[in-house]
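*Asks:* After the sequence you'll find the predicted model.
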Amino acid sequence: MTRKNLLLNMYGAMHERLGPSYWWPGETPFEIALGAILTQNTNWENVTRALANLREESLLSPEKIFALPEERLAALIRPAGYFRLKARRIKHFMTFLHRECGLCPEKIADFSTQTARARLLTVNGIGPETADSILLYALHKPTFVVDAYTRRILNRHMLVPEDIGYEELREYFMDVLPVDVVLYSEFHALIVRVGKKWCRKKQPDCSSCPLAGFLE
DNA sequence: CACCAGGCAAGTA
DNA sequence: TACTTGCATGGT
């Protein structure tokens, strides 16, 4: 079995059992980008609270966040954890948006995927997963998002080593899959949904996992 | 009580 | 280059 067919079978098994995901949760490209920073090593429920705080104050726009003092931003996103650090990272991102595209996140999509990715990676606080999440889900650029669940699920199926690097794992998918925003979006969403329920560090029962025995 | 959650950068040797 | 550590809230 080729790697391409292996991955497509894996995708099919998850999609058949769980259905479409309608990811990423978020109304606008800007809100999706903020969510991508806020969810770094953090439960999504906590991110929801942080975003709700910003929404209640009608602050979910690039102009408002750009003008908002970092200390006040930190207080509002407190439920998301690492709140001082993340407030600083969001501010770095806002400075980038201001400089590169006049605070209009959609304009980043005018660059090629590769160029836009390289630009995002220069921002302090935006690493590969955050960059790929913004590119794929906010800007609809074809890049595969890798996260802890992706690595864990593939490792537990003995497809990759436990310590495989981000770029290598991303290429594991992108080298064989068709370049397709919908496929990449849905694939990653399904991986997270499966990971949360059936592939935690201390794993519950794997028997009901959609991927149980998908290799046969 | 311990452990975990959709990472990342800075520090150390 | 290759490890280690800080960051922090809220749920199980």
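*Replies:* Alright, I've got the coordinates.
*Asks:* can we go C-alpha only for contacts and neighbour counts from here?
*Replies:* Noted.
*Asks:* Report whether stretch A:196-212 contacts DNA strand C.
*Replies:* No. Contact of stretch A:196-212 with DNA strand C (CA under 7 Å from any atom of the strand) is absent, the minimum separation being 10.3 Å.
*Asks:* now the end-to-end length of that stretch.
*Replies:* With CA to CA, to the nearest Å as the measure, the ends of stretch A:196-212 fall 15 Å from one another.
*Asks:* quick one: average confidence on it?
*Replies:* Stretch A:196-212 shows a mean pLDDT of 90.
*Asks:* distance of the residue most central in space within chain A from A:Arg17?
*Replies:* Geometric centre of chain A, nearest residue: A:Ser133, 3.6 Å, by CA atoms, centre = their mean. For A:Ser133, the distance to A:Arg17 equals 24 Å [CA to CA].
*Asks:* And for A:Arg3?
*Replies:* Where A:Arg17 is concerned, A:Arg3 sits at a distance of 21 Å (CA to CA).
*Asks:* Looking at the two, which one has more neighbours?
*Replies:* Higher neighbour count among A:Arg3 and A:Arg17: A:Arg3, with 14 against 11, using other CA atoms under 10 Å.
*Asks:* quick one, what contacts that one?
*Replies:* A:Val176 (CA atoms under 8 Å, 6 or more residues apart in numbering).
*Asks:* Just the helices from chain A, written as ranges.
*Replies:* A:3-18, A:29-38, A:44-56, A:62-67, A:70-76, A:83-101, A:113-121, A:128-133, A:148-156, A:166-174, A:181-198 (DSSP state H).
*Asks:* Out of the ones you listed, flag the one nearest A:Leu139.
*Replies:* Closest of the helices of chain A to A:Leu139 is helix A:29-38, at 6.7 Å (criterion: CA to CA).
*Asks:* Can you report how many residues neighbour the residue in chain A that DNA strand C sits nearest to?
*Replies:* Closest approach of chain A to DNA strand C (CA to the nearest atom of the strand) occurs at A:Tyr82, with a separation of 2.9 Å. By other CA under 10 Å, the residues close to A:Tyr82 number 15.
*Asks:* wait, A:Phe187 sits on A:Met10?
*Replies:* No. Judged on CA atoms under 8 Å, A:Phe187 makes no contact with A:Met10 at a distance of 9.2 Å.
*Asks:* More neighbours: which of those two?
*Replies:* Neighbour count, other CA under 10 Å: between A:Phe187 and A:Met10, A:Phe187 has more, with 22 against 17.
*Asks:* Check what pLDDT that one gets.
*Replies:* pLDDT, A:Phe187: 98.
*Asks:* how about the residues of chain A that lie near DNA strand C?
*Replies:* Residues of chain A lying near DNA strand C (CA under 7 Å from any atom of the strand): A:41-43, A:45-46, A:78-86.
*Asks:* how does it look with 10 Å?
*Replies:* A:39-50, A:74-75, A:77-89, A:125, A:163 (CA under 10 Å from any atom of the strand).
*Asks:* Thank you, goodbye.
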